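**Q** Give me a model of this one.
(2 chains)
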2 protein chains.
Amino acid sequence: MQDLRDRLTRITHLGQAAAILEWDMETYMPEGGADARASQVATLRSMAHELLTANETVTLLENARPESDIDLDLVRIVKRDVAKATKVPSKLVAAMAEAAGRAKGAWQKARATNDFPLFAPHLERIVDLSRQHADALGYADQPYDALLDQYEEGASTRQVADVFEKVRLELVPIVQAIQAAAPLDESPVHRAFPLDRQWSFGLDMVQRMGYDLHHGRQDVSTHPFSTSFSISDVRITTRSEEHFFNPAFFGTLHEAGHAMYEQGIDRALEGLPLADGTSLGIHESQSRMWENLVGRSRAFWTYAWPLARQTFPESLANTTQEDFYRAINAVKPSTIRVEADEVTYNLHIMLRFELEQEIISGRIAIKDLPEAWNERMVSWLGVRPESDTEGVLQDIHWSLGAIGYFPTYALGNLMSVQLFEAARRDLGDLEGPVSRGDFAPLLGWLRTNVHQWGRRRSADEILRSATGSPLSAEPWLAYARAKFGNLYGF
Amino acid sequence: MQDLRDRLTRITHLGQAAAILEWDMETYMPEGGADARASQVATLRSMAHELLTANETVTLLENARPESDIDLDLVRIVKRDVAKATKVPSKLVAAMAEAAGRAKGAWQKARATNDFPLFAPHLERIVDLSRQHADALGYADQPYDALLDQYEEGASTRQVADVFEKVRLELVPIVQAIQAAAPLDESPVHRAFPLDRQWSFGLDMVQRMGYDLHHGRQDVSTHPFSTSFSISDVRITTRSEEHFFNPAFFGTLHEAGHAMYEQGIDRALEGLPLADGTSLGIHESQSRMWENLVGRSRAFWTYAWPLARQTFPESLANTTQEDFYRAINAVKPSTIRVEADEVTYNLHIMLRFELEQEIISGRIAIKDLPEAWNERMVSWLGVRPESDTEGVLQDIHWSLGAIGYFPTYALGNLMSVQLFEAARRDLGDLEGPVSRGDFAPLLGWLRTNVHQWGRRRSADEILRSATGSPLSAEPWLAYARAKFGNLYGF
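**A** The predicted structure follows:
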């Protein structure tokens, strides 16, 4: 068992080292270092993969005598990891890496020049390799199950589709009601907010929420992200716009939500492959909870408003707390996912989820994708992209070969409300403490019910043990109806 | 041959990844991340060591069919690396790592409380293990040869001792003459220099010298260093004191000198173990050349003085270029090596070099070390440490197990002048271009004669091919006599 743990720790260290190299690429690396760095990361990732799938690992797993509950989980979960890692021929992995390398360049060009046909053959190739990938991994019902399982272990296409369908059927009319209502005034978040004060305000606030800078830090990057180098070193990045309050502030809350999850994993798992988020959906539930359920709530701004006024006296002088609350919660259907509000975001995701299934199953041809995209945008969101650059070409994911990833964003939204409501049920009152700047009850509840487990509990186990139910659309829908009904008067 | 190159590239990537993790430790890592980070670095270093000494590597080396001069050098040098890495039993390596771990803590405590007896048993243990280390490595003449060879491959104790002896016999009287002369006014470098402007002035200057920020960057750390992650990513760090111009400025030149060496290695060696400095002495010759032979010269300040005046108008208003030149070149014997000037620095090193030989050979007992240290300080430098904290306990090196490292500092000083004089001989005029801010001739000469070779040429080969002579004391002595005779009028 000790030999197994030592071996798995080595593999974990290789992955953590790769994460550090990648973080540096996005934050501090001089431009000229990119090629050598890509090779270094590839070496570390290959070595980790080889060590994981080596015969010695399999033998150690077969002969391991677990000495604790953690050991039992370790053997169980790593056996599954090895099985998955072994199923996909390295030739296929290499083919996908090569195809993605070319597709990414083509996508960048196609997006810049609004030229979908330029990208189409690359996407065709990615889809073909994804089907082979799904076949190699195996699936119970349909190929897309295997792709989804890479990011959201244990989820099935059918289950996710059922839940998303419920959300969509209620959400489209909600969006229509919002569009028919008087728009909220967004101007309070579009004044001048000095960049250095945005930086310190966001960082100060996430520290108050519980993000631990003794085991973390914040840096600048073009695309914000969070990354974990160990349970004791979990970092976030942010970017700021001077004339828009939301990206830096809510981005920081979002990334700190991810980071607090990783910081909250049981220290006994340090160095083991269990010390990671259990699924992207659960991960996103943590980021969305702090960003939206806390950060965009009236209770939070009851506490934070005086601090914000103090930090940005010029920009917020003639604004009331309620005006500000409304501005940060404005809903405005648009064609661009990354700019979407809390309500319409899910529809952007569901559109991608449906189209992914359709291109993988072959029900829709690649060449017909732009029109299918645009039609669904019109019928669900009431907006039509003016170009493919604003439509089917807007996201990088497919060019990277990441088909099956998108649904985890919306799953995270749904899970965040399920978990939040369970916390409210257990704690009696959430809004009271939050409105006094006391985030400890919520964070403590998350530590106990979600964070500490790392990968030891699956997403489904987390949901069932914490909330009593499997994945469900209803809590999010009730939340959205109440919050946005109040804001928009329907 | 390709299999060998691929394997060696993996090993190189592991080492480079470890260097990135170590750089982050010194620059950005949150405090709480230290333990996990130490384990990650240990994993990468162990894996690199295991891959290097594995049977597969030996077999590949034996069967390799070199296809180029680089291949020939690669096989030759890596065979030597493997032989050395194999000679030392891993039990001894582990014992030294453990002893050093304890010794470092004891040293910190002993230094803080001026308690040499607390450190003595740890140093005893380090010396004992160093002797075993030397025995394992083997040596021609004396155990210290093997220790020295770890840092300055190919150097022998006898040769170094002969050269140092020549320097010392002339240097002690020079120091005495300086002490008898009127001291230079150091006040111009002790005014207030705003930290941000020190930062940008130093960085601007090293870029003009040739440090390439497209393949490098500067960060802050407590102890300045330079580090290479690949030929295309070589970084420096610096620290600044508001009321002392020298540490940041000359520290930046020093580290950039190291970094320009690594940036100048032939790109064909990228990813191979040949892409490294050939010895610590040669490395130090590059840092010292830019710091002292360029940075502390009249020619350089002819160019840089107007820029300095413009950058620090308040601090330098009533100073002349000559006053400033004299201030940055003031010689003042002191007990502390890291604060030593260009002249007395070598004596600090020679003292350590002699004492190291004496404790390794057993000619001097550990308990008698403080007094031996202090006596030699008095007779060579005319100063007596007021405590062991200011004396034998001042340096971290021995506590880390690094016996044999110190001499490379003084070797670097000697080599820097040998190389500089050879460049002057080849180029005809060095001062002219430098006084116009044209550093390209010197850098070009170093690229051709030193940098590009990486480890393909040994320190001795570099010296002989570039200067026509082996290591020699005379050029440095002639330089010191001329420069400081002029400054101090002897």
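**Q** Now for the residue nearest to A:M209 when sequence neighbours are not counted, how many residues are close by?
**A** Distance criterion CB to CB, 6 or more residues apart in numbering or on different chains; nearest residue to A:M209, sequence neighbours excluded, is A:F439 at 4.7 Å. Using the backbone N, CA and C atoms, a C-beta is placed for each residue, glycine as well. A total of 21 residues lie near A:F439 under the criterion other CB atoms under 10 Å in any protein chain shown.
**Q** quick one, what contacts A:F439?
**A** A:R208, A:M209, A:G210, A:V294, A:P433 (CB atoms under 8 Å, 6 or more residues apart in numbering or on different chains).
**Q** Take the residues you listed and lay them out in JSON lines including secondary structure.
**A** Putting these into JSON lines (DSSP: H, G, I helix; E, B strand; the rest coil) gives the following:
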{"residue": "A:R208", "secondary structure": "helix"}
{"residue": "A:M209", "secondary structure": "helix"}
{"residue": "A:G210", "secondary structure": "coil"}
{"residue": "A:V294", "secondary structure": "helix"}
{"residue": "A:P433", "secondary structure": "helix"}
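**Q** quick one: the residue nearest to A:M209 from A:D266, how far?
**A** 21 Å (CB to CB, to the nearest Å).
**Q** Over to A:G468?
**A** From A:G468 across to A:D266, the span is 23 Å (CB to CB).
**Q** the more surrounded of the two?
**A** A side-by-side neighbour count of A:G468 and A:D266, using other CB under 10 Å, places A:D266 first with 17 against 10.
**Q** And for the residue nearest to that one when sequence neighbours are not counted, the neighbour number?
**A** Counting by CB to CB, 6+ apart, A:D266 lies nearest to A:Q452, which is 4.5 Å off, once chain neighbours are set aside. The number of residues packed near A:Q452 is 16, by other CB under 10 Å.
**Q** Likewise for A:Q179?
**A** 15.
**Q** Please name the residues that touch it.
**A** A:Q179 neighbours (CB under 8 Å, 6+ apart): A:P333, A:G382.
**Q** Packing partners of the lowest-mean-pLDDT helix or strand in chain A?
**A** Per-element confidence for chain A was summarised using mean pLDDT, DSSP states H and E. The lowest value among helices and strands belongs to helix A:90-113, with a mean of 91. Using 3 or more CB pairs under 8 Å, 6 or more residues apart in numbering or on different chains; DSSP states H and E as the contact test, the elements touching helix A:90-113 are helix A:116-137.
**Q** angle of the helix it packs on against helix A:90-113?
**A** Here the directions of helix A:116-137 and helix A:90-113 differ by 160 degrees (axes from the mean of the first three to the mean of the last three CA atoms, to 10 degrees).
**Q** So which residues make contact with helix A:116-137?
**A** Counting by CB under 8 Å, 6+ apart, the neighbours of helix A:116-137 from elsewhere in the structure are A:84, A:87-89, A:92, A:95-96, A:99-100, A:102-103, A:106-107, A:109-111, A:143-147, A:149-150, A:359-360, A:366-367, A:369-370, A:388, A:392-393, A:398-399, A:401, A:403-404.
**Q** Just the buried ones from those?
**A** Burial by neighbour count, judged by 16 or more other CB atoms under 10 Å in any protein chain shown, picks out A:84, A:88, A:95-96, A:99-100, A:103, A:106-107, A:110-111, A:143-147, A:149-150, A:359-360, A:366, A:369-370, A:388, A:392-393, A:398-399, A:401, A:403-404 from the contacts of helix A:116-137.
**Q** mind listing what the nearest residue to A:R111 once chain neighbours are set aside touches?
**A** If you skip the residues right next to it in sequence, A:R111 has A:L393 as its closest partner in space, 4.5 Å away by CB to CB, 6+ apart. Each residue near A:L393 by CB under 8 Å, 6+ apart is listed here: A:W107, A:A110, A:R111, A:N114, A:F116, A:F119.
**Q** quick one: which two of the residues you listed are the most distant?
**A** Of all pairs drawn from the contacts of A:L393, the greatest distance, 12.2 Å, lies between A:W107 and A:N114 (CB to CB).
**Q** before we move on, the earlier item: check contacts around the residue nearest to A:D266.
**A** Taking CB under 8 Å, 6+ apart as the definition of contact, the neighbours of A:Q452 are A:G264, A:I265, A:D266.
**Q** and it, that's in a helix?
**A** Yes: remark: A:Q452 belongs to a helix, assigned using three-state DSSP.
**Q** The residue nearest to the spatial centre of chain A in helix, strand or coil?
**A** Of all residues in chain A, the one closest to the mean position by CA atoms, centre = their mean is A:E284, 4.1 Å from it. What three-state DSSP gives for A:E284 is helix.
**Q** Now for the nearest residue to it once chain neighbours are set aside, how many residues are close by?
**A** With sequence-adjacent residues excluded and distances taken as CB to CB, 6+ apart, A:E284 is closest to A:G412, at 2.3 Å. Counted with other CB under 10 Å, the neighbours of A:G412 add up to 23.
**Q** now do the one 4 residues further on
**A** Here the count is done by other CB under 10 Å, and A:S416 has 27 residues near it.
**Q** Okay, helices next: where are they in the stretch 151-300 of chain A?
**A** With DSSP state H, counting those that start in this stretch as the definition, the stretch 151-300 of chain A shows helices at residue ranges A:157-180, A:195-209, A:245-263, A:280-288, A:298-311.
**Q** Would you mind saying which of those lies nearest A:S472?
**A** For the helices of the stretch 151-300 of chain A, proximity to A:S472 was assessed by CB to CB; helix A:157-180 is nearest, at 7.0 Å.
**Q** show me where chain A has strands.
**A** Using DSSP state E, the strands assigned to chain A run over residues A:218-220, A:226-230, A:233-238.
**Q** Can you tell me what sits against the longest one?
**A** By that I understand strand A:233-238. For strand A:233-238, using CB under 8 Å, 6+ apart, the contacting residues are A:23, A:26-27, A:199, A:202, A:206, A:211, A:215-221, A:224-229, A:248, A:251-252, A:255-256, A:258-259, A:262-263, B:29-30, B:32-33, B:36-37.
**Q** Name every strand pairing with it and say which way it goes.
**A** Next to strand A:233-238 in the sheet, as set by DSSP bridges, lie strand A:218-220 (parallel), strand A:226-230 (antiparallel).
**Q** got the angle between it and helix A:245-263?
**A** 170 degrees.
**Q** angle of strand A:233-238 against helix A:195-209?
**A** Taking the same axes, to 10 degrees, one finds strand A:233-238 and helix A:195-209 inclined to each other by 140 degrees.
**Q** Go ahead and measure how far strand A:233-238 is from the middle of the chain.
**A** 15 Å (CA atoms, centre = their mean, to the nearest Å).
**Q** Just the buried residues of stretch A:286-300, please?
**A** Counting neighbours by 16+ other CB under 10 Å, the buried set in stretch A:286-300 is A:286-300.
**Q** What of stretch A:183-196?
**A** The neighbour-count criterion (16+ other CB under 10 Å) identifies A:L184, A:P188, A:V189, A:R191, A:F193 as the buried residues of stretch A:183-196.
**Q** give me the number of residues near the closest residue in space to the third one that isn't next to it in sequence?
**A** Yep, that's A:V189 we're talking about. For A:V189, ignoring the flanking residues on the chain, the nearest one in space by CB to CB, 6+ apart is A:F245 at 4.1 Å. If you count neighbours by other CB under 10 Å, A:F245 ends up with 26.
**Q** same deal with the one 4 residues further on?
**A** One way to gauge burial is a neighbour count; for A:F249, by other CB under 10 Å, it gives 24.
**Q** which one is it nearest to, not counting chain neighbours?
**A** On the basis of CB to CB, 6+ apart, the spatially nearest residue to A:F249 that is not a chain neighbour turns out to be A:G202, at 5.1 Å.
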